[in-house]
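Participant: Predicted structure and sequence below. I'll ask about it afterward.
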Amino acid sequence: MSKKGNDMNPLVQTKEIIKTYTLGRTEVHALRGLSLDIEPGEFTAISGPSGSGKTTLLNLLGLIDSPTSGTVFLEGSQVKYNGLTKLHSIRLEKLGFIFQTFNLIPVLTAYENVEYPLLLAKKSSLQRREMVEKVLREVRLWEFRKHKPNELSGGQRQRVAIARALVNRPKLILADEPTANIDSATASEILDLMHALNEEDNVTFLFSTHDQLVMQHARRIVKLHDGVIIRD
Ligand SMILES: Nc1ncnc2c1ncn2[C@@H]1O[C@H](COP(=O)(O)OP(=O)(O)OP(=O)(O)O)[C@@H](O)[C@H]1O
Ligand SMILES: [Mg+2]
């Protein structure tokens, strides 16, 4: 497989990450010293029982949350958590998210949902139009562009969420249980689409999942238990 970009460093890396949530007087140890390297072009699943830390890990890798201790590196640069504007622009430029519940904006059409990150990234209207059309055609939703989320099926909503994650052409897509709310035929179709994007455009995918189907498609499976990697 061809590898574009910076081959010297992993795309994203964690070193000895600890994440502890404090709830009143109790501490929840969600991640307990986790080190992981993700190379450009990977198609990797993170599996593990409920509560093992999968979502917490994705949120840290996606710069949505910060660790209690330890370090996250993106393309070899250490992520600093004191510059919120910088973090925000790194997220917009390099990362895409697919959330379990899709997180689409109900009052916006499919087109507008996908366009939204481009507005945040201050792309021109011409660029927006081109990028949104391209990605909506890729996920075969161009004809549905005027539908709002509640006028779409579960699989179509999931494809809008994928299109929104992809529209900026990020290097890394983080997907939290991407097939949890769709039937297995649709899940299979979605996985084929992600595979194609991985192979043709070298987009790196990192999923959290319980789904056997997703694990069968993954090239690497990282298994978590109680906030540590027990198998890789
Ligand atoms: N915001 C939070 N505040 C307190 N505890 C939290 C918070 N988020 C997660 N946790 C706890 O951290 C641990 C890891 O949670 P996480 O959501 O990462 O698990 P998960 O592997 O994604 O589980 P699931 O498969 O159910 O989605 C759990 O014990 C959870 O209760
Ligand atoms: Mg989770």
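Facilitator: On my side now, so go ahead. Ligands and ions are numbered 1, 2, ... in the order given.
Participant: Could you use CA atoms for every contact and neighbour count after this?
Facilitator: Fine.
Participant: For residue 61, which residues are in contact?
Facilitator: Shown in contact with residue 61 (CA atoms under 8 Å, 6 or more residues apart in numbering): 12-14, 72.
Participant: measure stretch 82-101 end to end?
Facilitator: 29 Å (CA to CA, to the nearest Å).
Participant: do that stretch and ligand 1 meet?
Facilitator: No: Stretch 82-101 is not in contact with ligand 1 by CA under 6 Å from any ligand atom; minimum separation 9.0 Å.
Participant: Can you pull the poorly scored residue ranges out of this structure?
Facilitator: 1-7 (pLDDT under 70).
Participant: State the helix or strand in which the residue nearest to residue 166 when sequence neighbours are not counted lies.
Facilitator: Using CA to CA, 6 or more residues apart in numbering and skipping residues adjacent in sequence, the residue nearest residue 166 is residue 96, 6.3 Å away. Using DSSP states H and E, residue 96 falls within strand 95-98.
Participant: Residue 128 now?
Facilitator: In this structure, residue 128 is located in helix 125-138 according to DSSP H and E.
Participant: before we move on, back to that, between the contacts of residue 61, which sits nearest ligand 1?
Facilitator: Distances from ligand 1 to these, taken as CA to the nearest ligand atom, are shortest for residue 14 (15.3 Å).
Participant: Report the secondary structure state of the closest one.
Facilitator: strand (DSSP: H, G, I helix; E, B strand; the rest coil).
Participant: count of residues packed around it?
Facilitator: Around residue 14 sit 23 other residues, with neighbours defined as other CA atoms under 10 Å.
Participant: Check residue 20 too.
Facilitator: Close neighbours of residue 20, defined as other CA under 10 Å, add up to 15.
Participant: Backbone dihedrals for the residue lying closest to it once chain neighbours are set aside, please?
Facilitator: Closest residue in space to residue 20, ignoring its immediate chain neighbours: residue 29 at 4.6 Å, by CA to CA, 6+ apart. Backbone torsions for residue 29, taken as degrees, to the nearest 10, come to phi -90, psi 90.
Participant: and residue 29, what does it touch?
Facilitator: 18-21, 227.
Participant: Filter these down to the ones in strands?
Facilitator: Of the contacts of residue 29, the ones assigned to strands by DSSP state E are 18-21.
Participant: The residue in the chain sticking out farthest from the centre and residue 68: what is the separation?
Facilitator: In terms of distance from the mean C-alpha position of the chain, residue 25 ranks first, at 32.2 Å (CA atoms, centre = their mean). Residue 25 is 17 Å from residue 68, where distance means CA to CA.
Participant: Check residue 180 too.
Facilitator: Taking CA to CA, one finds residue 180 at 29 Å from residue 68.
Participant: These two: which has the busier surroundings?
Facilitator: Legend: neighbour count by other CA under 10 Å for residue 180 and residue 68, higher for residue 180 (15 against 12).
Participant: Identify the residues contacting that one.
Facilitator: In this structure, residue 180 makes contact with 100, 209, 211, judged by CA under 8 Å, 6+ apart.
Participant: My guess is the last one contacts residue 179. True?
Facilitator: Yes: the pair residue 211 / residue 179 is scored as a contact, 7.4 Å apart, by CA atoms under 8 Å.
Participant: Chain neighbours aside, what residue packs nearest to residue 87?
Facilitator: Excluding the flanking residues, the one nearest residue 87 by CA to CA, 6+ apart is residue 63, at 7.0 Å.
Participant: Against ligand 1, how distant is that neighbour?
Facilitator: From residue 63 across to ligand 1, the span is 14 Å (CA to the nearest ligand atom, to the nearest Å).
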